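*Asks:* pasting a predicted model and its sequence here:
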Amino acid sequence: MCGIVGWVDYKSEVDEQKITQMRDTLTHRGPDDAGNYFSHDKKIALAHRRLSFLDLSMAGHQPMCNETERIWIVLNGEIYNYKELALELSAKGHVFKSSSDTEVLLHGYEEWGIDKLLQKIKGMFAFALLDENQQQLFLVRDRFGIKPLYYHASDERFIFGSELKAILKSGVVNKEINYSSFADYFVYRYIPSPKTIWKNIAKLQPAHYIKLNIQNGVYELTEYWELGSKKKQQNTKQLVEEIGFMIENSVAEHSRSDVEIGSFLSGGYDSSAIVYYLSKIKSRVKNFSIGFENWDASEHQYAAMVSEKLNGVNTSLIAGKESLNILKKLSTVYDEPIADISIIPTYLVSQLASLQIKSVMSGEGADELFGGYEWQKQYYKKWHPENFSAKLKNIFINRSENAVNEYSQAMEMGKFDRAVLFHLLNPELHQFIPDDTDWFYRSHYKPQFSPLKSFQYLDIKCFMAELVLTKVDRASMAHSLEVRVPFLDHELFEKIFELDESVYFKPGITKFLLHENIKNVLPPQIINRKKQGFVGPDSYYMNMDWYKEIIYNGKLLSEQVINKTFVHTLFENKDHWRLW
C-alpha cells in the first residue's frame, strides 16, 4: 500500500520542493521508500511513497518506467493476479526486471492498452500511468473504490494525490468549502463522489479512469466496469461448492506477499470466514480484535473463540469511553467530514495490528455480496410475499421513487432531510441545499434489477464505496497498515449478480452461500450469533456531556454555520445519532 501524487503544468516547471512536500504528507501511507520523476521539460512530475510487500528490493522502486523510459507509473495498491499476467506477458516476449505487480501494469499497458488491461487485472488500486509517446496521463481507480484518488483540474495545471492533504500541500489550490458538499454530508454521513469538501478538488469515482492530454489539459472520464444482472438458475449444491472455491481462491490470491499477513477478527460471519480460509494456507494466523469495557456483547470474546477454534493467535484491545478522544485526531486522518459510527474502533484495531504486522485481511463486502444487511432482507420480504401477484409487484418495483425513498430511510442513522436542513443551517447556506437530497442514491438505483439486487447495488456504490471503504483505508493507512478485502473480488460479484436472487438468498439463513461453506468449521455460537455491526455499546454513543463539550465549543456554532437553537433541540431530545 502506498501514496501517490502528481502534477502536470501547462505553462511552468513543477517545483521540486513542492512535489516532495506533497509526497511526504503521505509518509504514513508509505514509510519504506520514496521517489520522484520529472519529465525532460520539468512540466510533469510523479512522486511515490512506498509500503513494500512484493519485491522488497530497489527493483520495486517507484516511480517505475519501461525499457525506453517513455512510460512511467506510480501505483497505490495490489494487483492480485500479477503472476498469471506476468506469465502471459513473458510468453509474448516481455522481459521483467523485477517481481513486482507494478511492472506487470507497465508491460500490460504496452501489450494491450489501457482498456484491455483494466479488464484483465484483479485487485485494489489507484494508479497514474504517464505515456510520453502518446502525450497522455491515465488516472485509474479500482472497481469498488477500495483505494482513493483525488484530483484538481484548472487551465494552468492538473494535480492528483491519494489524499486531499497532499493536493492542498501544493499551495496552488484554494481552500474554498463546497457548501453543496457540506449539505450532502448531513444527508449521507459522507461526501458523495465526485464531490469533496473543497470546491476545486474532485474524487475519482470507483471503476473510472481519466485520460488527460498533457499538452492542453483536456481530459475525459470513462467508466470501465459495471455490474450487470441476469436471472440464471443453478444447482444449489454445485453453487455452494463453486462459491466456496472462489472465496478460497480469492483469499489465496490476497495472501500473495513477501511479508506476513494477518487478519482483523470480530467473531462475526465475515471476518471468521476469512480467518478460516487463511488458516488453510498458513498454520497460525495472527488475528486482531477490539472489545469494549462493561459490555456483554463485546466482540473480542467471540473473536477469541474463533481464533482458538482455528488455531490462531488473537490479540485484543479493550476500549473505554476515553477512546472517544481519538475523534480529535480523525479530522487530520480523513481530511473531510465522515460520520461512520465505527471510525474509532477501526482506528484502534488498525493501530493494534500495526504494532505486529504490515498487512491484514478484513471481511468488508460480504454483506453487499450475499445480501446480509437487515435493510436488504426487509426490502426483499416486502416485495416477495407469496400471495403478491407478479403483475402488481412489477408496477410498484419499477417506480424508482419508492425504492430510493425506502433505501434512504434504511440509511437514515442521524440523517438530516431537506426540511431539517433548513432548520439546521445558517440561512445564507439554504441556497446550497439540493431540491432532491437523495440525488446520489437515485443516480445509482437500477430499476431493471430485481428488488434485492437493486438494494445490493446501492450498497456497493453508496454505503460501501463511500463510507465503509473510506473509513477502513484512512484508519489503516494512518498506521502504515495495509488492509486486503478478499470478498471484493469482482468475479465473485459478477457470479452472484448473474444468478436469480432466489438461488443465493434465503430469508431464513443469513448469507446463505457463505453460511453453507462455514457452518461446519466454526463454533455454533458464531454461526447462530445475531448480526452486529463493528461498533461500541449504545452508551458509548450517548455521552451527552461529551457532545456538549465538543459541539458547544466548536466552530460550527461560533461561526454561526449551524443554528444554535436547533442544536439545543437535539440535546433536549438526546438525539445522539444526529449529534454524532
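*Replies:* The structure has been received and is ready for your questions.
*Asks:* tell me the buried residues in the helix or strand hosting residue 352?
*Replies:* If you go by DSSP states H and E, residue 352 is part of helix 343-354. Going by neighbour count (16 or more other CB atoms under 10 Å), the buried part of helix 343-354 is 343-354. Just so you know, the C-beta spots here come from the backbone N, C-alpha and C atoms, and that holds for glycine as well.
*Asks:* Serialize those residues to a markdown table and add fields for distance to residue 187 and pLDDT.
*Replies:* Output for the buried residues of helix 343-354, formatted as a markdown table (distance: CB to CB, whole Å; pLDDT from 0 to 100):
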| residue | distance to residue 187 | pLDDT |
| --- | --- | --- |
| 343 | 18 | 94 |
| 344 | 22 | 93 |
| 345 | 24 | 92 |
| 346 | 22 | 95 |
| 347 | 24 | 96 |
| 348 | 28 | 95 |
| 349 | 28 | 96 |
| 350 | 28 | 97 |
| 351 | 31 | 97 |
| 352 | 33 | 97 |
| 353 | 33 | 97 |
| 354 | 33 | 96 |
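*Asks:* reformat these as TSV; add distance to residue 477.
*Replies:* Below are those laid out as TSV (distance: CB to CB, whole Å):
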residue	distance to residue 477
343	13
344	16
345	16
346	12
347	11
348	15
349	14
350	8
351	12
352	15
353	12
354	10
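*Asks:* without its sequence neighbours, what residue ends up closest to residue 215?
*Replies:* Spatial nearest neighbour of residue 215, excluding adjacent residues (CB to CB, 6 or more residues apart in numbering): residue 135 at 5.4 Å.
*Asks:* how close does the nearest residue to residue 197 once chain neighbours are set aside sit to residue 40?
*Replies:* Closest residue to residue 197 apart from its sequence neighbours, by CB to CB, 6+ apart: residue 336 at 3.8 Å. Plainly put, residue 336 is 36 Å away from residue 40 if you go by CB to CB, to the nearest Å.
*Asks:* of the two, which one has the most company?
*Replies:* The residue with more neighbours, out of residue 336 and residue 40, is residue 336; 22 against 7, by other CB atoms under 10 Å.
*Asks:* for that one, give me the pLDDT.
*Replies:* Note on residue 336: pLDDT of 96.
*Asks:* now for it: which residues touch it?
*Replies:* 164, 181, 191, 196-198 (CB atoms under 8 Å, 6 or more residues apart in numbering).
*Asks:* which strands or helices does the helix or strand harbouring residue 270 pack on?
*Replies:* Element membership of residue 270 [criterion: DSSP H and E] is helix 269-279. If contacts are counted by 3 or more CB pairs under 8 Å, 6 or more residues apart in numbering; DSSP states H and E, helix 269-279 sits against helix 236-254, strand 261-264, helix 300-309, strand 359-361, helix 366-370, helix 512-518, helix 524-527.
*Asks:* from the rest of the structure, what touches that helix?
*Replies:* By CB under 8 Å, 6+ apart, helix 269-279 touches 247-248, 251-252, 255, 261, 263-266, 285, 287, 303, 306-307, 310-312, 361-364, 366-367, 372, 486-487, 510-511, 514-515, 517-518, 521-522, 526-527, 531.
*Asks:* filter those down to the buried ones and hand me the ChimeraX line.
*Replies:* Buried residues within the contacts of helix 269-279, by 16+ other CB under 10 Å, are selected in ChimeraX with:
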select :247,248,251,255,261,263,264,265,266,285,287,303,306,307,310,312,361,362,363,364,366,367,372,486,487,510,511,514,515,517,518,521,522,526
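*Asks:* and the gap between residue 476 and residue 146?
*Replies:* For residue 476 relative to residue 146 (CB to CB), the value is 11 Å.
*Asks:* one step back: what lies in contact with the helix holding residue 352?
*Replies:* 262, 264, 288-290, 315, 317, 319, 323-324, 326-327, 329-330, 333-334, 340, 360, 471-472, 475-476, 478-481, 483, 534-536.
*Asks:* same question, stretch 410-419
*Replies:* By CB under 8 Å, 6+ apart, the surrounding residues in contact with stretch 410-419 are 186-189, 339, 341, 375, 378-379, 408, 424, 433-435, 437, 441, 455, 462-463, 575, 577-580.
*Asks:* what does stretch 25-32 give?
*Replies:* Residues contacting stretch 25-32 (CB under 8 Å, 6+ apart): 1-5, 34, 48-52, 76, 161-163, 165-166, 169, 477-480.
*Asks:* quick revisit: go through the contacts of stretch 410-419 and flag which are in helices.
*Replies:* 186-188, 375, 378-379, 408, 424, 441, 455, 577-579 (DSSP state H).
*Asks:* how about CSV for the helices and strands packed on helix 269-279, with mean pLDDT and distance to residue 29 added?
*Replies:* Shown next, in CSV, are the helices and strands packed on helix 269-279 (pLDDT from 0 to 100; distance: least, CB to CB, whole Å):
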stretch, mean pLDDT, distance to residue 29
helix 236-254, 97, 19
strand 261-264, 95, 18
helix 300-309, 86, 27
strand 359-361, 96, 13
helix 366-370, 96, 25
helix 512-518, 95, 31
helix 524-527, 84, 34
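*Asks:* helices along the stretch 51-200 of the chain, start to end?
*Replies:* 82-91, 101-120, 164-168, 179-188 (DSSP state H, counting those that start in this stretch).
*Asks:* for residue 209, find the nearest of those.
*Replies:* Residue 209 lies closest to helix 101-120 among the helices of the stretch 51-200 of the chain, at 6.8 Å (CB to CB).
*Asks:* relative to helix 82-91, how tilted is that closest one?
*Replies:* Taking axes from the mean of the first three to the mean of the last three CA atoms, to 10 degrees, one finds helix 101-120 and helix 82-91 inclined to each other by 90 degrees.
*Asks:* in helix 101-120, what's buried?
*Replies:* 101-112, 114, 117-118, 120.
*Asks:* repeat that for stretch 410-421.
*Replies:* Across stretch 410-421, burial judged by 16+ other CB under 10 Å covers 410-411, 414-416, 421.
*Asks:* same thing with stretch 545-560?
*Replies:* 546-547, 551, 556.
*Asks:* now the helices and strands packed on helix 269-279 as JSON lines including distance to residue 569?
*Replies:* Formatted as JSON lines, the helices and strands packed on helix 269-279 follow (distance: least, CB to CB, whole Å):
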{"stretch": "helix 236-254", "distance to residue 569": "48"}
{"stretch": "strand 261-264", "distance to residue 569": "38"}
{"stretch": "helix 300-309", "distance to residue 569": "37"}
{"stretch": "strand 359-361", "distance to residue 569": "42"}
{"stretch": "helix 366-370", "distance to residue 569": "34"}
{"stretch": "helix 512-518", "distance to residue 569": "43"}
{"stretch": "helix 524-527", "distance to residue 569": "42"}
